[in-house]
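Below is the sequence, then the predicted model.
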Amino acid sequence: MEIARRCIYCDHDAPDSSPAIVMPFVAHRALGYAPVNITHDWGLRDVPTGLCQTRCNTLHCACCGGLFMDLRFGEPEMAALYADYRGPAYTALREHYKPGYVKRNEALNRQTHTAAVEKFLHDKLPEHPRILDWGGDNGRNTPFRCNASCCHIVEISGKETLPGTQAITPDEALGGQYDLVVLSHVLEHLPSPFSLLEEIAPLLDRGAYLYIEVPYEALMCELTRTNEPIWQNKRHWHEHINFFSTAALEALIKRSGLVIHGLEERQDRPESSVLCVLCKSPATNEKRI
Ligand SMILES: [Zn+2]
């Protein structure tokens, strides 16, 4: 695990910092740190008693406007957090810290925005595209799943995928040839979104479009409308350890050497928006001209 000293989006140095906490569910599952009550029995003469949570900082990049948690989990912490994602142990612990989680999650699971994604991408792809959904869960939200000539899914939680799709490993995926690679609701969870874009670069160099979708969190929408430092209001970090601004997402993509072919904000529910980007490796543009 590392502590970020530079912007994870645009690589600018010395981001602004403000104190925050890791939410207890994430601290418990990723780090094994449940909240603890410091009592007089501890015998800590110079430390006040009371409930102790896991500290972190909110970092804000003045250059691209992106926001993120300074603690950057390593592989063991990510494996602990996402093993059997939304399986029984995960769900029970989350329900313990956040009563009502199961019901809310069931309602969210019933929603799908695949039609909107397909509309955004439809004129860029062949009739029966080859699709790779990286982090695609069981494939229920994979665009073009029903008319794809192949639909591969990389999913670290080890879930079974839906009929018509095939679960493959990252190594298998990196050797493949696709028309579209999907990273939908993945980058907001990752310690280094830049590293994943670097890892999948060979797929894009072979001509695939890359579709990225991330939440456009309410605080980030508000930040674009005000000059006040309201990013300091971000006092807690849950599984979404990266909050994207439009400029931060653009900066990340350009830093990865990719060219943006379309960017839009989509409002899926009254309280929830997403940022959608379609991009491509410049090498493949040159070849096709
Ligand atoms: Zn930045």
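Yep, it's here. Numbering: from 1, shown residues only.

Look at the residue nearest the centre of the chain and give its secondary structure.
Residue closest to the mean C-alpha point of the chain, counted by C-alpha atoms, centre = their mean, is Glu188 at 2.3 Å. Classification of Glu188 by DSSP: H, G, I helix; E, B strand; the rest coil places it in helix.

Distance-wise, check it relative to Thr246.
14 Å (C-beta to C-beta, to the nearest Å). C-beta: built from backbone N, CA, C; applies to glycine.

How about Leu223?
10 Å.

go on, Val36?
Between Val36 and Thr246 the distance is 40 Å, computed by C-beta to C-beta.

Looking at the two, which is more packed in?
Between Val36 and Thr246, counted using other C-beta atoms under 10 Å, the more crowded position is Thr246 (18 against 11).

Which positions in the stretch 51-200 of the chain make contact with the ion?
Cys61, Cys63, Cys64, Gly66 (C-beta under 5 Å from the ion).

do that again at 8 Å, thanks
Listed as neighbours of the ion in the stretch 51-200 of the chain under the rule C-beta under 8 Å from the ion: Cys61, Ala62, Cys63, Cys64, Gly65, Gly66.

Now name the helix or strand holding the closest residue to Pro143 other than its chain neighbours.
In this structure, Pro143 finds its nearest non-sequential neighbour in Val117, 4.5 Å apart by C-beta to C-beta, 6 or more residues apart in numbering. If you go by DSSP states H and E, Val117 is part of helix 114-121.

What residues of that helix count as buried?
By neighbour count on 16 or more other C-beta atoms under 10 Å, the buried set for helix 114-121 is Ala116, Val117, Phe120, Leu121.

between the residues you listed, which is nearest Met78?
Nearest to Met78 among the buried residues of helix 114-121 is Val117, at 25.7 Å by C-beta to C-beta.

All the helices of the stretch 51-200 of the chain, in order from the start?
Ranges of helices within the stretch 51-200 of the chain are 75-82, 88-97, 101-109, 114-121, 170-174, 193-199, based on DSSP state H, counting those that start in this stretch.

want to try TSV for these, with mean pLDDT as columns?
Output for the helices of the stretch 51-200 of the chain, formatted as TSV (pLDDT from 0 to 100):
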stretch	mean pLDDT
helix 75-82	94
helix 88-97	94
helix 101-109	78
helix 114-121	93
helix 170-174	95
helix 193-199	97
